[in-house]
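S.K.: Whatever this is, show me its structure:
(chains A and B)
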2 protein chains.
Amino acid sequence: MSVSVEIISVGNELLTGQTVNTNASWIGEQLIQYGIQARWVTTVGDVADHLFHALQIALGRTQVCIVTGGLGPTHDDITKNVVSDFFGAKLALNDDILTKIKQRFEKRGISMAKVNEGQALVPEGATVLENDLGTAPGLLIQKNGKHIYVLPGVPHEMKAMMSRFVLPELQKKYDTGTFRIKNIKTTGIAESTLFEKISQRAAIQQLTTIAFLPGLGGVNIRLSAYGQNSDDAQEKLERAVALLRPDIEEFIYSDEKKSLENVVADMLTEKKLTLAVAESCTGGLLCHKLTNIPGSSDFFERGIISYSNESKQNLLGVPKELLIEHGAVSEQVARVMAKGVREIAGTDFGLATTGIAGPGGGTEKKPVGLVFVGYADDREDFAIKYNFANDRIGNKERFAQAALDLLRKKLRDR
Amino acid sequence: MSVSVEIISVGNELLTGQTVNTNASWIGEQLIQYGIQARWVTTVGDVADHLFHALQIALGRTQVCIVTGGLGPTHDDITKNVVSDFFGAKLALNDDILTKIKQRFEKRGISMAKVNEGQALVPEGATVLENDLGTAPGLLIQKNGKHIYVLPGVPHEMKAMMSRFVLPELQKKYDTGTFRIKNIKTTGIAESTLFEKISQRAAIQQLTTIAFLPGLGGVNIRLSAYGQNSDDAQEKLERAVALLRPDIEEFIYSDEKKSLENVVADMLTEKKLTLAVAESCTGGLLCHKLTNIPGSSDFFERGIISYSNESKQNLLGVPKELLIEHGAVSEQVARVMAKGVREIAGTDFGLATTGIAGPGGGTEKKPVGLVFVGYADDREDFAIKYNFANDRIGNKERFAQAALDLLRKKLRDR
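M.R.: Residues are numbered from 1 along each chain as shown, chains lettered A, B, ... in the order given. Got it, this is the predicted structure:
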């Protein structure tokens, strides 16, 4: 981990709080996988002097600098001009890029605006990094042993270009293999309870550094280890994981970087099983997560967002009497929703949510944060009650995660 | 806005992507309300030399510096030591603080750990800023006309202390009332096209600074103005907006900070109209966005995620022949989906999406990024074709945004 990296984020919107700088944290997270740590993040506005100053400072203290933002077509996009000035390189029109930008617009059936032409200007001597998802190409400038990558600020464009160009290059050059990292993802357990359940903490800490990262979807445990070489570091990690696992096995859904929906999707696909979903309180989030997975049409048959009581009756066959007797947010209704959607869809599994996301709708007996997750397969149907206490968006997230985790456990035991 | 402010964020977790730096964006957002702009944000790890260097640079270019993080009780909390070194001030035990920390622990029925004693050390000459929510007090150091605030990194502690101490002081000293800001949110138009459509750019720029902030959901335009006083600044903004609006009126969905789903939800609620949604390619995202709005059950009746062809036939009444003749991704099917869901739900509006989110499933005639948005009300039903070119997640986002914007326009004209 001898290389030092600085991230320079460009944009007034980052300084005025309109945009949170998730680009920098994403880049930092990617780099650390290879044992490369970003040492500084400097954020500057759309002000040429400030960016120039930031480049001066960064190149005085780092070998690699990753600049994001300010590559758009309008007047407030200053990055390319400043970088050219900084390296004393002229901007020249790149015909290949111009053609590609024009093709992008043609594809969408619109003609290129004059102002986009400027995006095809490239500082002489710079390497162009192709942008498949937008009109702003990236740049790599190499000078005096320093590497300066310039990428667009639009997150999905930046990420695609980091993954395609920057990360492989940096890994090849700087990953010394003496540092290894491992993520263990858990859900359904609080950080402090998780911590206390791990009985071999002292032994684990002799091998690795352990960090607990709580979020709405659960707690991620990050283990990192240094070794004499990569095998040594890897072995330390594996010994630590072996000490860690037994106490918390049931809460672990992934020891890679997979999301819970990804884990469930892989299990369904592998076992050739299908799923239908009935959502009330999660309002589409569960289906959205599942359909974020490429190829989800192989296992996901349909979803029903039965927000009104009528839709629960008509589409899922929930009896009116059940709704009156127990209320829409009840164990009974959750179970019938899961059973109902499975039957009409003809799938292997049915999954359902009904609860109170808030902020309104809570009562003493049924407070905000209460959710019932319904489950149905060919052998059984039931519902499980959970209590969470977040805001509306946070509750939806936790409810969906609880439903996915229930399905994961059932798939695992199958 | 003559004062310049730098934020220094301290913590390894910010550099490795474990924590997103929301503290800096929150501070920036607060400051801009008083016309004070953070000019730089520098993030450093828990490394004394790096923080020392960051302070040197910051005090060379700013009058006010706000440092957050690294005030905890453990070995990796370095901020107070570095600040003391930097100003050549000795650390002295502050009895008042020590008493308060002890009381905090007593209240919780636990005795104070020895390690917490260090939190009662204060650099000589510094003003203590009380922390009602945690054990780490804040500091204000004044030297050579510069102000350095040191605050804990725990967000709710930092925010309380900013609101109680820092913001009132900065407002009193530096809010000249001469700066005002306005956000105009647009969708359905590319940044460059939007830019060129604004014919009065020169006149607008004489009044205000204009910035274009593109994202998946559309382009936000930010206008900011200085005036002799707040009325003058406000008037400049209003004149600029009046010059801007006519050319791009149809693309503007909000001139406040509202999301598109919020705008649509408000229109539906106000007009007491109801909506049902049929989603294929957006896979639940459209319903998810709508149900993120508190009180959405007033207008949102149901959603159907008809991923399979069978579900399109059974739940929405899409004729099998139509699916065979035109394919699921077609103008015809989108229209019938919207009509179908509106009819079975008995709502005022039906909205539908069918398209190819990718990465698979694209053909030459129907490429990834193609979507048809179906619309139905009591008078008409039709579908509109759009072409986008993002990754799966980005396409879903754009598809959902296009559907919401179509509904917005229909609601506006009603």
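
S.K.: and the residue lying closest to A:Leu286 once chain neighbours are set aside, what element?
M.R.: Nearest residue to A:Leu286, sequence neighbours excluded (C-beta to C-beta, 6 or more residues apart in numbering or on different chains): A:Ala400, at 4.6 Å. To be clear about C-beta, it is placed using only N, CA and C from the backbone, and glycine gets the same treatment. Using DSSP states H and E, A:Ala400 sits within helix A:392-413.

S.K.: The residue nearest to A:Leu286 against A:Thr282, yeah?
M.R.: Yes: applying C-beta atoms under 8 Å, one finds A:Ala400 in contact with A:Thr282, separated by 4.9 Å.

S.K.: which residues are in contact with both of these two?
M.R.: A:Thr353 (C-beta atoms under 8 Å, 6 or more residues apart in numbering or on different chains).

S.K.: where exactly do the helices run in the stretch 201-350 of chain A?
M.R.: For the stretch 201-350 of chain A, applying DSSP state H, counting those that start in this stretch gives helices covering A:201-207, A:230-248, A:260-270, A:285-291, A:309-316, A:320-326, A:331-345.

S.K.: Would you mind finding the most buried of these?
M.R.: Highest mean neighbour count of those: helix A:285-291, a mean of 28 (counted as mean count of other C-beta atoms under 10 Å in any protein chain shown).

S.K.: Distance from stretch A:59-69 to the middle of the chain?
M.R.: 25 Å (C-alpha atoms, centre = their mean, to the nearest Å).

S.K.: tell me the average confidence for it?
M.R.: In this model, stretch A:59-69 carries a mean pLDDT of 96.

S.K.: Please export the C-alpha coordinates of that stretch as CSV.
M.R.: Below are the C-alpha coordinates for stretch A:59-69, written out as CSV (Å, rounded to 0.1, in the frame of the first residue of the first chain):
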residue,chain,number,x,y,z
LEU,A,59,0.4,16.4,-7.4
GLY,A,60,2.7,17.6,-4.7
ARG,A,61,1.7,14.8,-2.4
THR,A,62,0.3,11.9,-4.5
GLN,A,63,1.3,9.7,-7.4
VAL,A,64,-2.3,9.2,-8.7
CYS,A,65,-5.0,11.7,-8.9
ILE,A,66,-8.6,11.0,-9.9
VAL,A,67,-10.6,14.1,-10.8
THR,A,68,-14.4,13.7,-11.3
GLY,A,69,-16.9,16.3,-12.5
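
S.K.: List the buried residues for it?
M.R.: For stretch A:59-69, the neighbour count (16 or more other C-beta atoms under 10 Å in any protein chain shown) marks A:59, A:62-69 as buried.

S.K.: Of these, which belong to helices?
M.R.: Using DSSP state H, the members of those that fall in helices are A:Leu59.

S.K.: Of the buried residues of stretch A:59-69, which pair is most distant in space?
M.R.: Farthest-apart pair in the buried residues of stretch A:59-69 is A:Gln63 and A:Gly69; separation 21.3 Å (C-beta to C-beta).

S.K.: quick one: the helix holding A:Ala400 to helix A:331-345, angle?
M.R.: Angle between the axes of helix A:392-413 and helix A:331-345 is 70 degrees (criterion: axes from the mean of the first three to the mean of the last three C-alpha atoms, to 10 degrees).

S.K.: name the helices or strands packed onto helix A:392-413?
M.R.: Packing partners of helix A:392-413 (3 or more C-beta pairs under 8 Å, 6 or more residues apart in numbering or on different chains; DSSP states H and E): helix A:260-270, helix A:285-291, strand A:349-355, strand A:370-376, strand A:381-387.

S.K.: From A:Arg335, how far off is the residue nearest to A:Glu130 when sequence neighbours are not counted?
M.R.: If the residues on either side of it in the chain are set aside, A:Glu130 comes closest to A:Pro137, at 6.4 Å by C-beta to C-beta, 6+ apart. Between A:Pro137 and A:Arg335 the computed distance is 55 Å (C-beta to C-beta, to the nearest Å).

S.K.: Kindly report the same for A:Arg412.
M.R.: From A:Arg412 over to A:Arg335 the distance is 21 Å, taken as C-beta to C-beta.

S.K.: ok, now A:Pro73?
M.R.: 55 Å.

S.K.: Next: A:Leu370.
M.R.: For A:Leu370, the distance to A:Arg335 - C-beta to C-beta - is 16 Å.

S.K.: quick one: contacts for the residue nearest the centre of chain A?
M.R.: Computing the C-alpha centroid of chain A and ranking residues by C-alpha atoms, centre = their mean puts A:Ser259 first, at 8.0 Å. A:Ser259 makes contacts with A:217, A:289, as judged by C-beta under 8 Å, 6+ apart.

S.K.: And the pLDDT at it?
M.R.: A:Ser259 carries a pLDDT value of 95.

S.K.: Same check on A:Glu117?
M.R.: If you check A:Glu117, the pLDDT there is 86.

S.K.: With adjacent residues omitted, what lies nearest to it?
M.R.: A:Leu98 (6.7 Å).

S.K.: got the contact list for stretch A:212-224?
M.R.: So stretch A:212-224 is contacted by A:179-191, A:194-195, A:204, A:208-211, A:237, A:240-241, A:244, A:251, A:253, A:259-260, A:390, A:394, A:397-398, A:401, B:18 (C-beta under 8 Å, 6+ apart).

S.K.: which among the residues you listed end up buried?
M.R.: Neighbour-count burial (16+ other C-beta under 10 Å) applied to the contacts of stretch A:212-224 gives A:179-189, A:194, A:204, A:208, A:210, A:237, A:240-241, A:244, A:251, A:253, A:259-260, A:390, A:397-398, A:401, B:18.

S.K.: Settle this for me: the residue nearest to A:Glu130 is touching A:Leu121, isn't it.
M.R.: No: look at A:Pro137 against A:Leu121 with C-beta under 8 Å: they stay out of range, at 9.7 Å.

S.K.: which one of these two has more residues nearby?
M.R.: Shown here are A:Pro137 and A:Leu121; by other C-beta atoms under 10 Å in any protein chain shown, A:Pro137 has more neighbours (25 against 17).

S.K.: Confidence-wise, which helix or strand of chain A is lowest on average?
M.R.: Every helix and strand of chain A was ranked by mean pLDDT, DSSP states H and E. The lowest is strand A:209-215, at a mean of 81.

S.K.: Name every strand pairing with it and say which way it goes.
M.R.: According to DSSP bridges, strand A:209-215 has the following sheet partners: strand A:218-226 (antiparallel).

S.K.: buried stuff in the strand it pairs with?
M.R.: Buried, per 16+ other C-beta under 10 Å, within strand A:218-226: A:218-225.

S.K.: Looking at those residues, spot the one nearest chain B.
M.R.: A:Arg222 (7.2 Å; C-beta to the nearest C-beta).

S.K.: Surely A:Ala334 and A:Gly350 touch.
M.R.: No: the criterion here is C-beta under 8 Å, and A:Ala334 misses it with A:Gly350 at 10.6 Å.

S.K.: Would you mind listing the residues touching both of the two?
M.R.: A:Gly374.

S.K.: Could you check how many residues crowd around A:Arg164?
M.R.: Neighbour tally, A:Arg164, other C-beta under 10 Å: 15.
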